[in-house]
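Engineer: take this sequence and fold it.
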Amino acid sequence: MLPSSNERERWNRKYRESPDSWREPDPFLLRAFSEYIRPLFPLGGHALDLAGGAGRHAIWLAKQGWKVTLIDIANAGIELARENAGSLASLVDFVEDDLSRFQAPQAQFDLVLAFFYLERRSFPEIVKAVRPGGLLIYKTLTRGQLELAGGPKDPAYLLEEGELPRLAAGLQVLFYREQIADKATAELVARKNSADTK
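Structural biologist: Residues are numbered from 1 along each chain as shown. All right, here's what the predicted structure looks like:
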């Protein structure tokens, strides 16, 4: 894996080179919101957006009335997220941090989400960050990506078949799908048992 300073610069460069590419939320978040998030949390709640970059998901959730903590390693992404948030910035807490050392905050979240980010060692902390009754929404690339043009080719950043539900062990899987379309992805919606205090 790249040292965090190289990783930060790599993402800073991506955000600076194409700032308008990071505005639209992933369609999976929109589906998960209508099918799982809104029914459980009709009045909103507090979400944690891991590797949230330029804020495409955090800002969308803020528009739905959610308070969001966005964490990303790239200061250029954080700056872009603040700018893109506009008047919604008061609903988003922007945090620049290296998620490879992520530790769950004391306050647990109704919703934890991560899109196209994978740090396997952090999964116990990610699961811990979900409050009892809360949801984890996760989407990232699988090793099927090796057969497609473009995208990362380092297996460290690609899930093995069926790996994502195993990483989220201890949560109840509500939805899981692996597919190969324009990208090879795995999508997960999982819930922490209401009686679970971990």
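
Engineer: so which residues of the protein form strands?
Structural biologist: With strands called from DSSP state E, the chain shows them at 46-50, 67-72, 92-96, 109-115, 130-141, 172-180, 184-191.

Engineer: lowest average confidence, helix or strand, in this structure?
Structural biologist: helix 4-17 (a mean of 68; mean pLDDT, DSSP states H and E).

Engineer: re earlier: looking at the strands of the chain, spot the one closest to residue 13.
Structural biologist: For the strands of the chain, the distance to residue 13 is smallest for strand 67-72, at 14.0 Å, taking C-beta to C-beta. The way it works is simple: take the backbone N, C-alpha and C, and place the C-beta from them, glycine included.

Engineer: which residues touch the closest one?
Structural biologist: Defining contact as C-beta atoms under 8 Å, 6 or more residues apart in numbering, one finds that strand 67-72 is touched by 11, 44-53, 55, 58, 61-62, 78, 81, 91-97, 99, 102, 105, 109.

Engineer: buried ones only from those, please, as a ChimeraX command.
Structural biologist: Only the buried entries of the contacts of strand 67-72 go into this ChimeraX selection, using 16 or more other C-beta atoms under 10 Å:
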select :11,44,45,46,47,48,49,50,51,52,53,55,58,61,62,78,81,91,92,94,99,102,109
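
Engineer: and the residue nearest the centre of the chain?
Structural biologist: In the chain, the residue lying closest to the centroid (C-alpha atoms, centre = their mean) is residue 114, at 1.2 Å.
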